[in-house]
Structure formats: structure tokens, C-alpha cells
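Enquirer: The sequence and its predicted three-dimensional model are supplied below.
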Amino acid sequence: MSASSEKWQWENATAGAVAGFATVAAMHPLDVVRTRFQVNDGRVSNIPTYKNTANAIFTIARSEGLRGLYAGFSPAVLGSTVSWGLYFFFYDRAKQRYSRNRAEKLSPGHHLASAAEAGALVCLCTNPIWLVKTRLQLQNPLHQTRPYSGFYDALRTIMREEGWIALYRGIVPGLFLQVSHGAIQFTAYEELRKVLIDLKSGKNTEKSGSSDTPLNSFDYAALGASSKIVAMLLSYPFQVIRARLQQRPCNEGVPRYMDSLHVVKDTARFEGLRGFYRGITPNLLKNVPAASITFIVYENVLNLLKSARRKH
């Protein structure tokens, strides 16, 4: 691999990491609300219930303060920054591999395969971080003998009480989620991006005879939001399954759900299809603008890094 290719990949990773951090910092309270809605199956009394997203934010702020709204913020920042950095890195490597010795542009199938590969690798690397984040967001001191004091305490406690394998609870729906969600989102993003560039190229060529059509931040925002909505609606049930699997066991050490099939059967039996979409409203409120922020930051940081590289 050439030195210029390696630089390009690390530029993608850096842009992705910065984008991930910006996204989490702006949207974390909605992530807390979403997680609490996801695990509330209506059959466990120690989980708080909320009427809607606004009521949840107000109730958490009143009873737990800012700390409650930003529960699990450290692993969320770490996980999102690492995930986006690795995702763009693996995604770009896969695209380069598929495009090797090919004169034509990559097909939608190649974009799909690249995104699926990147999603699977990221999931294997980051599942322990997301498990800790979920547990910190769900903590209720009134119903737990000793809440985790933070990220590292949670890791140590889980390893001591449940073993290292517990860090990979939810890995199966997590893999399905990462592969399907990322693949759908990035394929939709790339294809919509092509359409938008073609449309703008036609307009610019008609007006000035120039085919130079850089997209602006508004374009990136629209592309990010549109691709995110498509991916979210199709893959959201995997998020619910993963969140329910990652709950902390009760005081006797018994998990609420034993495996993914247990979650699917109980959710379908007691809640129906609606149960697989619990928390979808705060998830939309969080992730649609978050996707816009992510791709605005990613594309602009990437352009900045490319400009700096050309100057040197």
C-alpha cells in the first residue's frame, strides 16, 4: 500500500472521529431517553416510565439533574469517537480494495459490501463500550445495591461479577445492527450523493459551462439525514433487542433476558410489533440531526485535511 493511500485512510479515520465526538456532545440526553424507553417492557416495576420524550427529559432533569441526562456520557463519547473513526477507516479500506484494478465507479453492491464489512469489524471492537454505556444510562440507585461509579468501575465490576464474556452480551443483534444499519445508510448516502452531484453538475454546466460542483454543508446535512432515516426504520428492532440484552442482571445475578431469541419471543408475545420500536421518537430526534452533524463535520474535516496535504 502506498504512503498516499495510508495518509488518505488516516484522514478518513480522523474526520470520522471528530464527527463522532461532535454528534455525541450535542445529542446525548436524547440517547439516554431512548435507551430507557427501549428496555421498558411494562413488566418490570423498577424501570421508570415516561409519557413521552419531553416528559422523560423533564422528569430526568428534575429527579436526577444534569448528571442523569448525561449518564453514560464518557463511554458514549469514547464509543462514538472510536466507532466513527474505525468505521470510516475500514469503510475506505474496503472501497479501495474493491476498486483496485477497476476503471469504473463502484456499484451499489460494492458500497453495501464495504459498509457491511466495516460495521462488523467496528461492532467486534466496541461492543464492551456500548454495554457499559447502556448500563450507566439505566442505573437507578433506588433499586440497585451498588451502582457503578463510572466507566472503569463498571468494567471492573462486570468482569469480576459476570466474567469477560458478559462484555459481549448483545453482540449478535449488535452485529446485525451494525452491518445492516451501516450498510443501508452508507449505500443510501453514496447513491443519493451521486444523484445530487449529477443534478448540480447539470445546473452548473448549463449556467457556466463548468462541471465543478462541490457540495455544501446544507447538501451534506440533507444527505446524512435522509440516509439515516432509511437505515433507522429498517434496523431499529436490533437496537431494542441489544439494549434489553445488555441490562444489568438482578441482585441474584439472573439476566432479564437470556439471549436474542428470548427477547424476540417475549417482546412479540407481550408487546407486539410496537415493542420493537420503543424509543423510536427520541431516536429519530437524536439521530436525524446527529447524522447531519456527523456528515457535515466529516466531509468538511476531510476537505480540510485534503487541502492541507496538497499544500505540503
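Expert: Noted; the coordinates are in hand. Numbering: from 1, shown residues only.
Enquirer: From the structure, what's the count of residues near Leu66?
Expert: 10 (other Cβ atoms under 10 Å). All C-beta atoms are positioned from the backbone trio N, CA, C, and that covers glycine.
Enquirer: chain center to the helix or strand hosting it, what's the gap?
Expert: Element membership for Leu66, per DSSP states H and E: helix 53-69. In this view, helix 53-69 has its centroid 22 Å away from the chain centroid, taken as Cα atoms, centre = their mean, to the nearest Å.
Enquirer: quick one: Asp92 and Asn12 touch, right?
Expert: Yes - at 4.4 Å, Asp92 counts as touching Asn12 under the criterion of Cβ atoms under 8 Å.
Enquirer: between these two, who's got more neighbours?
Expert: Asn12 (23 against 20).
Enquirer: Helix or strand: which one has Lys51?
Expert: Going by DSSP H and E, Lys51 is not in any helix or strand.
Enquirer: Report the separation between it and Thr294.
Expert: 30 Å (Cβ to Cβ, to the nearest Å).
Enquirer: okay, those two: which has more neighbours?
Expert: Under the criterion of other Cβ under 10 Å, the comparison of Lys51 against Thr294 puts Thr294 first, with 26 against 9.
Enquirer: follow-up on the earlier one: hmm, who's touching the helix holding Leu66?
Expert: 28-30, 32-33, 36-37, 48, 50, 71, 281-282, 285 (Cβ atoms under 8 Å, 6 or more residues apart in numbering).
Enquirer: Tell me the buried residues in it?
Expert: Neighbour-count burial for helix 53-69 flags 53, 56-57, 59-60, 64, 68-69 (criterion: 16 or more other Cβ atoms under 10 Å).
Enquirer: Stretch 121-135 now?
Expert: Applying 16+ other Cβ under 10 Å to stretch 121-135 flags 121-123, 126-135 as buried.
Enquirer: Now do that stretch: everything it contacts.
Expert: So stretch 121-135 is contacted by 35, 72, 75-76, 78-79, 82-83, 86-87, 90, 148, 151, 154-155, 158, 166-171, 174-175, 177-179, 182, 242-243, 246-248 (Cβ under 8 Å, 6+ apart).
Enquirer: rerun at 7 Å
Expert: 35, 72, 75-76, 78-79, 82-83, 86-87, 90, 148, 151, 154-155, 167-171, 174-175, 178, 243, 246, 248 (Cβ atoms under 7 Å, 6 or more residues apart in numbering).
Enquirer: cool, stretch 34-44 as well?
Expert: Counting by Cβ under 7 Å, 6+ apart, 47-49, 56, 134, 137-138, 239-240, 243-244, 247, 267, 270-271, 275, 278-279, 282-283, 286 sit against stretch 34-44.
Enquirer: could you redo the last one with a cut-off of 8 Å?
Expert: Under Cβ under 8 Å, 6+ apart, the answer for stretch 34-44 is 47-50, 56, 72, 134, 137-138, 239-240, 243-244, 247, 256, 266-267, 270-271, 275, 278-279, 282-283, 286.
Enquirer: Distance from that stretch to the middle of the chain?
Expert: 19 Å.
Enquirer: Could you export that stretch as CSV, CA atoms only?
Expert: C-alpha atoms of stretch 34-44 as CSV (Å, rounded to 0.1, in the frame of the first residue of the first chain):
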residue,chain,number,x,y,z
ARG,A,34,-34.1,6.4,24.0
THR,A,35,-32.3,3.7,26.0
ARG,A,36,-34.8,3.9,28.9
PHE,A,37,-37.7,3.6,26.5
GLN,A,38,-36.2,0.7,24.8
VAL,A,39,-35.9,-1.5,27.9
ASN,A,40,-39.2,-0.6,29.4
ASP,A,41,-41.4,-3.6,28.5
GLY,A,42,-44.1,-2.6,31.1
ARG,A,43,-43.5,-5.7,33.2
VAL,A,44,-40.6,-4.6,35.5
